[in-house]
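1. no sequence for this one, just the structure:
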């Protein structure tokens, strides 16, 4: 049986730390002038994948 291949896009977007999967936020690449500093700081804060999506992400990362 061949080896499972990791989804390369998912491996660049998600990091697995202990039991949580870290992800980035959307809406922070351009059109930042109209966004407040507080809003931009909240977008830079690390987020975690919701537990209902965790199994899908882990299967993309070949860790299920």
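-> All right, it came through fine. Please read all numbers here as calculations on a predicted model, not as lab measurements.
2. in the chain, which spans are helices?
-> 8-13, 37-44, 51-60 (DSSP state H).
3. residues contacting the last one, please?
-> Read it as helix 51-60. Applying Cβ atoms under 8 Å, 6 or more residues apart in numbering, the contact partners of helix 51-60 are 6-7, 10, 14, 16, 21, 49, 64. C-beta: built from backbone N, CA, C; applies to glycine.
4. ok, residue 28 to residue 11 distance?
-> 21 Å (Cβ to Cβ, to the nearest Å).
5. among the contacts of helix 51-60, who's most crowded?
-> When the contacts of helix 51-60 are compared by neighbour count (other Cβ atoms under 10 Å), residue 21 ends up highest, at 22 neighbours.
6. grab the nearest non-local neighbour of that residue.
-> residue 49 (4.1 Å; Cβ to Cβ, 6 or more residues apart in numbering).
7. roughly how far does that neighbour sit from residue 5?
-> Relative to residue 5, and taking Cβ to Cβ, residue 49 is found at 21 Å.
8. cool, residue 28 as well?
-> Where residue 5 is concerned, residue 28 sits at a distance of 30 Å (Cβ to Cβ).
9. those two: who's more crowded?
-> residue 28 (14 against 7).
10. report how many residues lie close to the residue nearest to the more buried one when sequence neighbours are not counted.
-> Nearest non-adjacent residue to residue 28, counting by Cβ to Cβ, 6+ apart: residue 43, 4.3 Å away. Neighbourhood size, residue 43 [other Cβ under 10 Å]: 16.
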